[in-house]
Structure formats: structure tokens, C-alpha cells
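**Q** fold the following and give me the result.
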Amino acid sequence: MDKRLTPAEAAQLIPDEAIVSISSSSGLGCPDLMLRAIGERFEATGHPRNLTTLHPIAAGDMSGIKGVDHIAKKGLLKKIIAGSYPSGPSSAEPPLIWQMLGADEVAAYNVPSGILFDMHREAAALRPGVLTRVGLETFVDPDLEGCAMNASAAAEPIVEKVTFDGEEWLYFRSIAPKVAIIRATTADERGNLTYEHEGAYLGGMEQALAAHNNGGIVIAQVKRITKDGSLRPHDVRVPGVLVDYIVVDPDQMQTTQTAYDPAISGEIFRPLDSFRVPGFDIQKVIARRVAMELEAGSAVNLGFGISANVPRILIEEGHHGEVTWVIEQGPVGGVPLLDFAFGCAANAEAIVPSPYQFTYFQAGGFDASLLSFLEIDRTGSVNVSRLAFRPHVTAGAGGFVDITARAKKIVFSGMFNAGAKLGVESGRLVIEREGKIRKLVDRVDHVTFSGHRAVEQGQDVTYVTERCVLKLTPGGLVLTEIAPGADLERDILAQSEFPLTVADSLTEMPAGIFAPGPFGLTLPVKPRRTVNA
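**A** Alright, predicted model coming up:
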């Protein structure tokens with residue numbers, strides 16, 4: 001049976017009121033042609049109507065791959081449940097999906113990416129739902145927002161708090177998709193899918209299983225089609241028995257603003273000197289201090305922002321390969337890429353499906369995580385998921401909550417406040433003009449990370465800024481290091497909305513990180529792993 005359809009023919013198969021699961025990570029793996037066809041069908045016919053869409057990671061971006069904005073139309077989209085959303089600069093016009101959710105025209109939820117993948121696996125196995133402790137005491141918790149992003153979502157809760165075996169858990173009921181739209185590189189005539197030009201596998205297999213096992217259909221967008229029997233079985237990531245229809249887009253982008261780079265898909269390895277090392281500036285100072293928190297032999301997760309440059313610091317300091325980087329899209333090892341290619345890695349040792357990576361993260365199987373912050377409050381809680389006055393600047397939580405739930409060590413990095421004019425002279429920080437927006441606030445606007453819960457669990461939490469280093473303790477935030485050139489009272493204590501405790505052993509941040517050129521980073525060796533009793 002020929003499974004090939006045009007995008008328009010495939011769009012005709014999606015019924016009104018359907019639950020549709022879409023595999024993507026911003027521009028990476030986005031089935032953009034199919035999403036456009038659905039939007040065009042709605043514009044022409046008024047159907048499909050009232051869809052609920054599931055996006056474990058965002059579909060599309062603000063930099064050339066429209067993604068979910070193709071279907072962000074009143075009447076077409078009734079509900080959206082996403083781990084993240086398209087994001088971009090504050091100066092840009094908000095994406096249509098943000099305009100819809102801000103106007104309460106669609107019930108919108110932000111569910112941690114790992115939990116959304118778990119919900120697909122439970123739906124695929126016809127189990128009732130996900131029981132998890134990930135998200136307790138954060139915006140995920142129904143005692144706070146319960147994942148709701150607007151009033152329409154709050155009126156229809158999707159998570160409840162339950163007691164199981166004497167402990168509090170969060171319970172998400174399974175949501176069974178009737179359509180899954182996934183993407184790969186190649187399909188054979190039977191629908192077997194390979195991913196040789198993709199930067200990650202994401203969760204296509206789990207999404208296909210969830211739709212198929214619940215009586216739905218699976219539509220695969222691919223770059224090319226090949227003869228039945230010509231694919232190596234070890235290369236097939238989604239078998240043809242799960243794929244009902246194939247749509248070919250020979251021009252699909254590998255990721256945002258990248259038509260095809262074989263290093264992203266692991267087909268070639270780049271020379272180490274081809275990776276751009278960041279120029280000397282304040283953000284590099286912060287990234288250098290973050291790098292000092294690492295141990296050789298450890299597996300470390302990276303988030304977007306300043307911390308994404310830490311692998312380049314290790315390259316510059318001659319320590320590449322001593323730390324294994326692990327990111328939520330699935331790459332393990334190599335050099336995580338920056339900017340539009342974030343979520344991909346060059347020279348990776350392995351690429352695993354995102355749902356497995358999130359299982360690894362949720363249980364704290366890795367050694368440390370390097371993440372950013374928008375706000376920090378007096379309890380050490382962090383907001384990285386909502387900026388009320390310009391919401392599309394943030395993508396939502398993504399995998400942040402899954403990653404931090406049980407991480408042994410977390411290093412948050414960011415500027416001490418927003419809008420300051422800063423410089424470095426003679427190895428000393430210079431604050432030429434103070435910022436107008438404080439980031440150390442009495443109470444964060446959105447709890448993406450709970451400082452209270454971190455203290456209860458004994459997590460090691462550090463906050464690195466250009467002015468100082470802070471540690472989370474049972475008594476609150478303690479200032480442990482100050483930048484050379486910074487005035488303790490004027491530049492730090494007076495710029496926080498809440499009192500900071502100053503350590504008796506307050507030291508100066510290493511002077512070497514405030515000067516151009518390598519600063520002589522050394523990494524202590526992580527103790528060898530033994531059986532955890």
C-alpha cells in the first residue's frame with residue numbers, strides 16, 4: 001500500500017476536536033510543512049476545528065520556522081499543552097500563539113517536557129496517568145498555578161495532588177492523541193523511519209505509539225523516500241507498522257536557519273579549533289566562574305544562556321573531554337552548539353531519545369546542571385519561565401523542572417540585575433551605570449525551581465553573577481564571594497530586595513577570570529562511582 005500523501009491530503013485526515021501530538025524542538029525536527037497545510041485547510045474550509053495539541057518541546061521558533069503559529073488560529077486551536085513555546089527577543093512582535101494565550105483565546109498549559117513524554121508513554125500502554133514528584137512546590141503544583149498559563153486553562157485543571165503510600169505526589173491523567181505528527185529524514189515505502197540527517201530523535205517513537213495504540217493515525221513528514229527493504233534495521237527508529245501516512249518535504253530545514261550540517265547529525269566530526277570561543281566580556285567572566293564548579297569525569301547538563309558557553313571555556317582552557325555534556329534533546333558528549341543550533345551537539349558520543357534522557361534527569365542520574373535565572377528570591381527559588389511584561393521572551397519551563405527536581409548540584413548563572421552598563425578594567429569589575437530592574441526579588445513571579453524543596457532534599461545550589469557568588473543554605477542565601485572592584489554595600493546588598501547574609505569567610509572571586517586569555521582552570525577529579533547503599 002502506498003502511504004504517500006500530499007500535505008493537503010494528510011491535513012484532510014485530521015478530524016474536528018482531535019487531540020494531536022506534534023514532535024519538534026523549536027526548529028529541530030519540526031514538521032513545518034504539515035503544520036502549514038493544517039492551517040491552510042482551516043483558512044479554506046473552517047476545519048479542523050477545536051484541536052487540542054500536545055508539544056513536549058516547542059514546535060517552531062521566531063527565527064524562520066513558523067511551527068505552531070501555522071495553527072494558532074481562533075476556532076482551529078482550542079487547547080495547547082506544551083513543554084515550551086516559541087521565544088525570541090523582546091523587541092519582536094510576539095508569536096501568534098502567545099497573542100492567543102494572552103487574550104485567553106486558547107486554554108494554554110506549560111507542562112514540564114519530561115512529564116509530557118511520560119504522559120505519552122502511559123497513554124501508549126493504556127495506563128491511567130503519571131504519578132510524579134517532579135514539580136512539587138513549583139508552578140506545576142496545583143497549590144500554585146497547576147501548569148495553567150491563563151484563565152481558560154485554570155478552569156480545566158490537568159494535574160492534581162494526591163497522597164500515595166504516605167507521600168504527596170502530582171498526578172497527570174494520560175491524554176491519548178488521535179493523531180501524531182512526527183518527523184524523520186527518510187521513510188521507505190512501508191513507512192520505516194530513519195533519522196540520519198536529524199540532530200536528535202526527540203520523542204517520535206513515544207508519540208507514534210500513543211496515537212497508534214489508542215486507535216489513531218501517525219503522519220510522518222520526511223525529507224525523502226526510499227525503496228522497501230533498503231534501510232538497515234538497526235537504523236530504523238520508528239517502525240513502519242506504526243506509520244500510516246508519509247508526507248515528503250525535500251526542503252525541510254535541519255534546524256533553525258540551517259538547511260543541513262552533517263556535524264549536527266553526527267555524520268562528520270569537527271576539528272576542535274573550529275568551535276568559536278567567546279570573546280572576553282562580562283558573560284564570559286560568569287561562564288568562567290561557573291566552570292570552576294565542575295569536576296573532571298562528571299556528566300553535566302546545560303541550559304540555554306550564559307551556561308551554554310561553559311563547554312567553550314573548557315576548550316579554551318585545555319579541558320575538553322573531561323566533562324560529558326548531556327542535553328534534553330538527547331545528545332551525550334561532544335560540544336553543545338549555540339544560538340539557532342542550541343539543542344544539538346557536534347561530535348556527540350551518542351544521541352538518545354529525549355524521553356530516556358528525561359528519565360535520567362528526573363532521577364538525578366547526572367552529576368550537575370548549569371542553568372540560567374531571570375529572578376531569585378529570598379528562599380533561593382528561581383523564575384526562568386515567565387516574564388510577565390514580555391512573556392514571549394521566555395520559552396516556558398521546557399525540561400528545567402525535570403532537570404532540577406533531583407539534581408545533586410545546580411549552578412544558576414545570570415546578571416545580578418538587568419540593564420546595568422558593565423565593564424572590566426585592570427582585572428576589576430566596573431559598574432558604569434546601575435541597572436533598573438532588580439533580579440534578586442522578595443518573591444519570584446513564577447516558581448520554576450523551589451529553594452525550599454532544594455534545601456529539604458539537600459541539593460547543592462550555587463548562584464553565580466558578575467558581582468558575587470551566592471550559596472543556598474537552610475538559613476537562606478549566603479554571599480560567599482565578591483568580584484574585585486565591586487562595593488559590597490552599594491553594588492550588592494543595596495541592589496537586592498531582601499537582606500543577604502554575608503559569609504564570615506567572604507572571599508574575592510578569582511582575579512584571573514576578569515582578565516583576557518586563559519586563566520589556568522583546574523578541575524578536581526570526581527570520585528569513582530560505587531554502589532549507593
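**Q** residue ranges of the helices in the stretch 251-400 of the chain, please?
**A** 282-291, 310-316, 354-362, 400-404 (DSSP state H, counting those that start in this stretch).
**Q** just those helices: most buried one?
**A** Comparing those by mean neighbour count (mean count of other CB atoms under 10 Å), helix 400-404 comes out on top with a mean of 29. C-beta: built from backbone N, CA, C; applies to glycine.
**Q** for it, packing partners?
**A** Applying 3 or more CB pairs under 8 Å, 6 or more residues apart in numbering; DSSP states H and E, we find helix 400-404 packed against helix 113-124, helix 354-362, strand 368-372.
**Q** coming back round to it: relative to Glu322, which of the helices of the stretch 251-400 of the chain is closest?
**A** Proximity to Glu322 (CB to CB) singles out helix 310-316 among those, at 6.9 Å.
**Q** tell me who's in contact with the residue most central in space within the chain.
**A** For the chain, the residue nearest the mean C-alpha position is Gly398 (3.9 Å; CA atoms, centre = their mean). Counting by CB atoms under 8 Å, 6 or more residues apart in numbering, Gly398 touches 57-58, 83-84, 112-113, 328.
**Q** mind doing that once more with 10 Å?
**A** Applying CB atoms under 10 Å, 6 or more residues apart in numbering to Gly398 gives the contacts 25-26, 56-58, 82-85, 87, 110, 112-114, 303-304, 328, 343, 384-385, 448.
**Q** does the residue lying closest to Pro7 once chain neighbours are set aside sit in a helix, a strand or a coil?
**A** Computed as CB to CB, 6 or more residues apart in numbering, the closest residue to Pro7 that is not its neighbour in sequence is Ala37, at 3.6 Å. What DSSP: H, G, I helix; E, B strand; the rest coil gives for Ala37 is helix.
**Q** beta partners for Cys344?
**A** Counting by DSSP bridges, Cys344 is bridged to Phe342.
**Q** helix, strand or coil for Leu493?
**A** helix.
**Q** which residues does the residue nearest to it when sequence neighbours are not counted contact?
**A** Using CB to CB, 6+ apart and skipping the chain neighbours, the partner closest in space to Leu493 is Leu500 (5.9 Å). If a contact means CB under 10 Å, 6+ apart, then Leu500 has 378, 440, 468, 470, 476-479, 488, 492-493 as its contacts.
**Q** the same query, at a cut-off of 8 Å, please.
**A** By CB under 8 Å, 6+ apart, the neighbours of Leu500 are 440, 470, 477-479, 492-493.
**Q** ok, of those residues, which come out buried?
**A** 440, 470, 477-479, 492 (16 or more other CB atoms under 10 Å).
**Q** now, among the residues you listed, which is nearest to Arg453?
**A** Nearest to Arg453 among the buried ones among the contacts of Leu500, with distances taken as CB to CB, is Leu477, at 15.4 Å.
**Q** didn't that closest one look like it was pressed against Ile376?
**A** Yes. Contact criterion CB atoms under 8 Å: Leu477 and Ile376 qualify, at 7.4 Å.
**Q** what segments of the stretch 51-200 of the chain are strands?
**A** Using DSSP state E, counting those that start in this stretch, the strands of the stretch 51-200 of the chain run over 51-55, 77-82, 107-110, 129-132, 159-164, 167-173, 179-183, 186-188, 193-194.
**Q** show the average pLDDT along the second one.
**A** Same thing as strand 77-82. Taken as a whole, strand 77-82 carries a mean pLDDT of 98.
**Q** what angle sits between it and strand 167-173?
**A** 140 degrees (axes from the mean of the first three to the mean of the last three CA atoms, to 10 degrees).
**Q** and Gly64, what pLDDT?
**A** Reported pLDDT for Gly64: 86.
**Q** quick one on the thing from earlier: pick the most deeply packed of the strands of the stretch 51-200 of the chain.
**A** Most buried of the strands of the stretch 51-200 of the chain, by mean neighbour count (mean count of other CB under 10 Å): strand 179-183, with a mean of 29.
**Q** JSON lines please, covering the helices of the stretch 251-400 of the chain and showing distance to Ala515 and mean pLDDT.
**A** Output for the helices of the stretch 251-400 of the chain, formatted as JSON lines (distance: least, CB to CB, whole Å; pLDDT from 0 to 100):
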{"stretch": "helix 282-291", "distance to Ala515": "9", "mean pLDDT": "97"}
{"stretch": "helix 310-316", "distance to Ala515": "13", "mean pLDDT": "97"}
{"stretch": "helix 354-362", "distance to Ala515": "35", "mean pLDDT": "97"}
{"stretch": "helix 400-404", "distance to Ala515": "32", "mean pLDDT": "97"}
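**Q** dump those into CSV; add distance to Gln12 as well.
**A** Below are those laid out as CSV (distance: least, CB to CB, whole Å):
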stretch, distance to Gln12
helix 282-291, 49
helix 310-316, 46
helix 354-362, 30
helix 400-404, 36
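**Q** and of those, who's closest to Pro524?
**A** helix 282-291 (12.3 Å).
**Q** packing partners for the closest one?
**A** helix 310-316, strand 409-413, strand 421-425, strand 460-464.
**Q** partners of the second one, with directions?
**A** When you say that, I think you mean strand 409-413. Going by DSSP bridges, the partners of strand 409-413 are strand 368-372 (parallel), strand 460-464 (parallel).
**Q** any chance of the strands of the stretch 51-200 of the chain in a markdown table, plus distance to Asp249?
**A** Shown next, in a markdown table, are those (distance: least, CB to CB, whole Å):
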| stretch | distance to Asp249 |
| --- | --- |
| strand 51-55 | 19 |
| strand 77-82 | 22 |
| strand 107-110 | 28 |
| strand 129-132 | 33 |
| strand 159-164 | 36 |
| strand 167-173 | 33 |
| strand 179-183 | 9 |
| strand 186-188 | 11 |
| strand 193-194 | 14 |
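**Q** figure out which of those strands is closest to Ala287.
**A** Across the strands of the stretch 51-200 of the chain, closest to Ala287 is strand 107-110 (CB to CB), at 27.5 Å.
**Q** what sits up against the closest one?
**A** So strand 107-110 is contacted by 78-85, 97, 100-101, 139, 147-150, 152-153, 155-156, 158, 385, 396-397 (CB under 8 Å, 6+ apart).
**Q** quick one: average pLDDT of it?
**A** 98.
**Q** hey, where'd the helices end up in the stretch 1-150 of the chain?
**A** Using DSSP H, counting those that start in this stretch, helices in the stretch 1-150 of the chain cover 7-11, 32-45, 96-102, 113-124.
**Q** pLDDT wise, what is the residue nearest to Gly475 when sequence neighbours are not counted at?
**A** Closest residue to Gly475 apart from its sequence neighbours, by CB to CB, 6+ apart: Thr501 at 6.7 Å. The model reports Thr501 with a pLDDT of 97.
**Q** next: the one 5 residues further on.
**A** For Leu506, the model assigns a pLDDT of 97.
**Q** would you say it is within a strand?
**A** Yes. Assessed with three-state DSSP, Leu506 lies in a strand.
**Q** looks like it contacts Ile482 (just checking).
**A** Yes. Counting by CB under 8 Å, Ile482 is a contact partner of Leu506 at 6.3 Å.
**Q** more crowded one of those two?
**A** Counted by other CB atoms under 10 Å, Leu506 and Ile482 do not tie: Ile482 has more neighbours, with 21 against 14.
**Q** what about the closest residue to that one other than its chain neighbours, neighbour count?
**A** Leaving out its chain neighbours, the residue that sits closest to Ile482 by CB to CB, 6+ apart is Cys468, at 5.1 Å. Close neighbours of Cys468, defined as other CB under 10 Å, add up to 25.
**Q** and Arg173, how far from Ala124?
**A** 14 Å (CB to CB, to the nearest Å).
**Q** what distance do you get for Gly398 to Thr448?
**A** Gly398 is 10 Å from Thr448, by CB to CB.
**Q** meant to ask about Arg467
**A** For Arg467 relative to Thr448 (CB to CB), the value is 22 Å.
**Q** quick revisit: can I get the buried part of the contacts of strand 107-110 as one PyMOL selection?
**A** Listed next is the PyMOL selection for buried residues among the contacts of strand 107-110, using 16+ other CB under 10 Å:
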select buried, resi 78+79+80+81+82+83+84+85+97+100+101+139+147+148+149+150+152+153+158+385+396+397
